[in-house]
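>>> fold the following for me, if possible:
(chains A and B)
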Amino acid sequence: MLGSNVSISGLSKSFGDFKALKDVSLEIKKGEFFSLLGPSGCGKTTLLRLIAGFEDPDSGLVSIDGRDVTGLPPDKRRCNTVFQSYALFPHLTVFENVAFPLRIRKTPGKKVRELVKRHLDLVQLEKHADKKPSQLSGGQKQRVAIARALINEPSVLLLDEPLSALDAKLRQHMLVELDSIHDEVGITFIYVTHDQAEALSVSDRIAVMDGGKILQVGSPQDIYENPKAEFVARFIGDTNLFSGKVVSFSNGISLVQDERIGAIKVEAGNEAPEGSWVSVAVRPEKIRISLAPPAEAGPLGNVVKGMVDEPIYSGFQSKYYVRTPGGGHLVVFRQHAQWSEGVPDIKWKDEVWLSWSARDAVVVEASGTSIAPVVSGDSLDE
Amino acid sequence: MRQRNYGPWYSAPQGLWLTLFFAAPLFIIIVYSFLKKGLYGGVEPGFSLAAWHALGGGTLLAVALRTLLVSLVATSITILIALPASYSIARSSNQSLRLFLIIVPFWTNFLVRVYAWIAILGSEGFLNDALRWLGILSTPAQFLYNQGTVVLVLVYMYLPYAILPLFSTIEKFDFTLLEAARDLGASRLTAIVRILLPNIRGGIVTAVLFTFIPIFGAYAVPLLVGGKDAYMLGNIIADQVTKTRNWPLAASISMAVTLITGIGALVYAYTSSRPAAPQVDDAEDDLDYIIQAEALP
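Sure, this is the predicted structure:
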């Protein structure tokens, strides 16, 4: 291991009565592409601003490269920021924007030209050096901001929702580009976003935040397949949540009694002992949907009958909202791996059979004592 | 049939107003400056350059230089106070209250505000009373009737004229730019000098002109709180009209003042109407970029 690059311990920050961060601790490794993911108001931007030095914490420590930087102003920290609004200096050309940090340090002109050229090449903007920011497109402004933030050769690059102002197609492209810039410069990227798809596709690790706290830190696969909190399961991707009391436990299979769906088999080992209350998540793509009942369920199989409330066709796949007789709602994805005239289409109001394996259910929250069950499933009006 | 264009008629009132109350009086003053002076004021027919020749006179030149100096000093002090003041108003959470407090003095008559300063600074004034009560002075000091007091009162009078345009430009300024500058290694002061000031240049120019032009033509302030040695061009003009009764000279001095302030206004017009940079078609440009980039291996 290369060791820790950014280390945060016990960080808290309030704005008036609003507690933006509550005792947050985090270790970010050198060279990692690390994402802070959460809804607006979850504290992710505050955490970034505390690392950058734009705000001072009420308590806790921030250290970069093993050096305590808490209380130091932004110009004394080895990290640079790419702002959501780009924050390019409107009175300076692209060249002078990128050269700004060098001019501050009074770097000799020849060195400035050389470094600026190299960084404009990196973001493929060499032809636009003499333009003013107002003459650039959104994507170009974004790339100027990245070049300018990298020219100081920081140890950490902080990115505050850098793609949110771009349109969908360009966002996809810039994401790939960011990833390749990350590979090329090899420094730590801390990436703030509310877009789970962005975070999943480029991050080495993700911290999911809500209400000023970090709920889970892990690889994208970890976060998606093994959410450790109901919020994480709901926020990342679509999910079906069941909850209820574990009525029996044998051979590693817990039987969870959801009041709307019925008894569900969950393979969760010791996480769901008999008598406990659990929340269980099943991803919609893990559930198979068919017009005929599945041949045999087997010891791990769950089978539920329902009616299609809403089919949503989107080319490569369809999404179905299915209602069970007990009033539960489930969401299911079906990939159109083959599509021919013969394959029966599943339409609105069709009676369908849903089946999934007990192995694909994940316990997201559990408690030994009885707590009130939460509303299960994913409903249309959410 | 072609529709008649009534456009010019709609704007006629403005043209009429400007002609009657601006162009015509200005023309009369120009004409007066080239006429002979009447014995008891007024003018007499007959061409004369005497008034223009008199402009080069020693005392007049001295007053003109002093006026310029006082105006420059008062304008500089005003801007130096107005910049941090408007910055703090723009960044505060109760902008409207603070702006209101800036504007409140305007509800009082100009002369009343000048007399208020006399009440503060006069020999029986508040300041003298306070200093004597504190035991710092034993006999009243004379704070009025000198150059410094003229500058002080002028700064007080024209500060709001500088704060308002500065505030409106600073309010539109994106403060993230200052954070970006700090982030990139600039100190607080460097960020302000290199990023804030260039981006609010328009507001600074407006504030300078809004204070310099009226101060350059100041009349009441030097008359009331300045001594004889604080006379400015405005006072000389008034004296030429009411006491010395040399109307052509008053006209030529007025024209000179108008010319100088007119140059200022032209500078303003030039700096504030620079052509905007051409905009590019965002979407098209980015699309080109994606296509190019995707064509690469």
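
>>> now do A:Asp360: how many residues are near it, please.
For A:Asp360, the neighbour count with other Cβ atoms under 10 Å in any protein chain shown is 17. Glycine gets a C-beta too; all of them are placed from N, C-alpha and C.

>>> same check, this time on A:Glu114
12.

>>> confirm that it sits in a strand.
No: A:Glu114: not assigned to a strand; according to DSSP: H, G, I helix; E, B strand; the rest coil it is helix.

>>> which ones are touching B:Ala256?
B:Leu55, B:Ala64 (Cβ atoms under 8 Å, 6 or more residues apart in numbering or on different chains).

>>> so which helix or strand takes in it?
helix B:247-272 (DSSP states H and E).

>>> likewise B:Pro84?
helix B:58-91.

>>> what residues of that helix count as buried?
Under the neighbour-count criterion of 16 or more other Cβ atoms under 10 Å in any protein chain shown, helix B:58-91 has B:60, B:63-64, B:66-67, B:70-71, B:73-75, B:77-79, B:82-83, B:85-87, B:89-90 buried.

>>> stretch A:59-66 too?
A:Gly60, A:Val62, A:Ser63, A:Ile64, A:Asp65.

>>> these: which two are farthest apart?
Farthest pair in the buried residues of stretch A:59-66 (Cβ to Cβ) is A:Gly60 and A:Asp65. Separation: 17.9 Å.

>>> how far is the helix holding B:Pro84 from where the chain is centred?
Offset of helix B:58-91 from its chain centre (Cα atoms, centre = their mean, to the nearest Å): 8 Å.

>>> and for stretch A:243-254?
In terms of Cα atoms, centre = their mean, the centre of stretch A:243-254 is found 31 Å from the chain centre.

>>> the helix holding B:Pro84 packs against which elements?
helix B:95-103, helix B:147-172, helix B:201-216, helix B:233-242 (3 or more Cβ pairs under 8 Å, 6 or more residues apart in numbering or on different chains; DSSP states H and E).

>>> so which elements touch the last one?
Helices and strands touching helix B:233-242, as assessed by 3+ Cβ pairs under 8 Å, 6+ apart, comprise helix B:58-91, helix B:220-225, helix B:247-272.

>>> who are the contact partners of residue 231?
Let's take chain A. Contact analysis of A:Phe231 by Cβ under 8 Å, 6+ apart lists A:Val208, A:Asp210, A:Leu215.

>>> sorry, should have said chain B
Per Cβ under 8 Å, 6+ apart, neighbours of B:Tyr231: B:Val63, B:Arg66, B:Pro222.

>>> can you tell me the SS state at A:Glu184?
What three-state DSSP gives for A:Glu184 is helix.

>>> can you get me a residue count around it?
Neighbour count for A:Glu184, taken as other Cβ under 10 Å: 10.

>>> what separation do you get for the nearest residue to B:Leu164 once chain neighbours are set aside and chain A?
Spatially, and ignoring its direct neighbours in sequence, B:Leu164 is nearest to B:Ile102 (7.3 Å; Cβ to Cβ, 6 or more residues apart in numbering or on different chains). B:Ile102 is 27 Å from chain A, where distance means Cβ to the nearest Cβ, to the nearest Å.

>>> part of a strand, is B:Gly46?
Yes: per three-state DSSP, B:Gly46 lies within a strand segment.

>>> tell me the pLDDT of it.
The per-residue pLDDT reported for B:Gly46 equals 86.

>>> give the bridge partners for the closest residue to it other than its chain neighbours, please.
Nearest residue to B:Gly46, sequence neighbours excluded (Cβ to Cβ, 6+ apart): B:Lys36, at 4.6 Å. Counting by DSSP bridges, B:Lys36 forms beta bridges with B:Glu44.

>>> what residues are up against the residue of the stretch 251-382 of chain A found nearest chain B?
Per Cβ to the nearest Cβ, A:Phe316 is where the stretch 251-382 of chain A lies closest to chain B, at 19.9 Å. Residues near A:Phe316 by Cβ under 8 Å, 6+ apart: A:Gln335, A:His336.

>>> for it, give its distance to A:Val217.
31 Å (Cβ to Cβ, to the nearest Å).

>>> now do B:Ser254
Relative to A:Val217, and taking Cβ to Cβ, B:Ser254 is found at 77 Å.

>>> cool, A:Asp58 as well?
22 Å.

>>> more crowded one of those two?
Neighbours around A:Asp58 and A:Val217, counted as other Cβ under 10 Å, are more numerous at A:Val217. The numbers are 19 against 13.

>>> give the contact list for A:Gly301.
Here A:Gly301 is in contact with A:Lys265, A:Pro294, A:Ser355, A:Trp356, A:Ser357, A:Ala358 (criterion: Cβ under 8 Å, 6+ apart).

>>> re earlier: closest one to A:Phe100 out of the contacts of B:Tyr231, please.
Distances from A:Phe100 to the contacts of B:Tyr231, taken by Cβ to Cβ, are shortest for B:Arg66, at 43.5 Å.

>>> could you find the closest non-adjacent residue to the closest one?
B:Arg66 sits nearest to B:Met232 (Cβ to Cβ, 6+ apart), 6.9 Å away.

>>> got a list of what the one you found touches?
By Cβ under 8 Å, 6+ apart, B:Met232 lies in contact with B:Val63, B:Arg66, B:Thr67, B:Val70, B:Val150, B:Ala218, B:Tyr219, B:Pro222, B:Gly226.

>>> could you redo those residues as CSV and give each row pLDDT?
Shown next, in CSV, are these (pLDDT from 0 to 100):
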residue, pLDDT
B:Val63, 90
B:Arg66, 91
B:Thr67, 92
B:Val70, 94
B:Val150, 94
B:Ala218, 90
B:Tyr219, 90
B:Pro222, 92
B:Gly226, 87
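
>>> does A:Gly71 belong to a helix, a strand or coil?
coil.

>>> that one contacts A:Glu55, doesn't it?
No: A:Gly71 lies out of contact with A:Glu55 (Cβ atoms under 8 Å); the separation is 10.9 Å.

>>> quick one: which of the two has more around it?
Between A:Gly71 and A:Glu55, counted using other Cβ under 10 Å, A:Glu55 has the larger neighbour count: 17 against 11.

>>> pLDDT wise, what is the more buried one at?
We have a pLDDT of 94 for A:Glu55.

>>> contacts only, for it.
So A:Glu55 contacts A:Lys13, A:Thr46, A:Arg49 (Cβ under 8 Å, 6+ apart).

>>> which of the residues you listed lies closest to A:Leu88?
A:Arg49 (19.2 Å).

>>> with adjacent residues omitted, what lies nearest to that closest one?
Closest residue in space to A:Arg49, ignoring its immediate chain neighbours: A:Glu55 at 4.8 Å, by Cβ to Cβ, 6+ apart.

>>> so that neighbour, which state does it fall into?
With three-state DSSP as the criterion, A:Glu55 reads coil.

>>> in PDB, list the C-alpha atoms belonging to stretch B:47-63.
The C-alpha trace of stretch B:47-63 is given here as PDB (Å, rounded to 0.1, in the frame of the first residue of the first chain):
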ATOM      1  CA  PHE B  47     -17.100  89.900 -30.600                       C
ATOM      2  CA  SER B  48     -14.300  89.700 -28.000                       C
ATOM      3  CA  LEU B  49     -11.800  87.000 -27.000                       C
ATOM      4  CA  ALA B  50     -11.000  88.800 -23.700                       C
ATOM      5  CA  ALA B  51     -12.800  86.200 -21.600                       C
ATOM      6  CA  TRP B  52     -10.800  83.400 -23.200                       C
ATOM      7  CA  HIS B  53      -7.500  85.200 -22.800                       C
ATOM      8  CA  ALA B  54      -8.300  85.800 -19.100                       C
ATOM      9  CA  LEU B  55      -8.400  82.100 -18.600                       C
ATOM     10  CA  GLY B  56      -4.700  82.000 -18.600                       C
ATOM     11  CA  GLY B  57      -4.500  84.500 -15.800                       C
ATOM     12  CA  GLY B  58      -2.400  83.700 -12.700                       C
ATOM     13  CA  THR B  59      -5.000  83.500 -10.000                       C
ATOM     14  CA  LEU B  60      -7.500  81.700 -12.200                       C
ATOM     15  CA  LEU B  61      -4.900  79.100 -13.100                       C
ATOM     16  CA  ALA B  62      -4.000  78.700  -9.400                       C
ATOM     17  CA  VAL B  63      -7.700  78.100  -8.500                       C
END
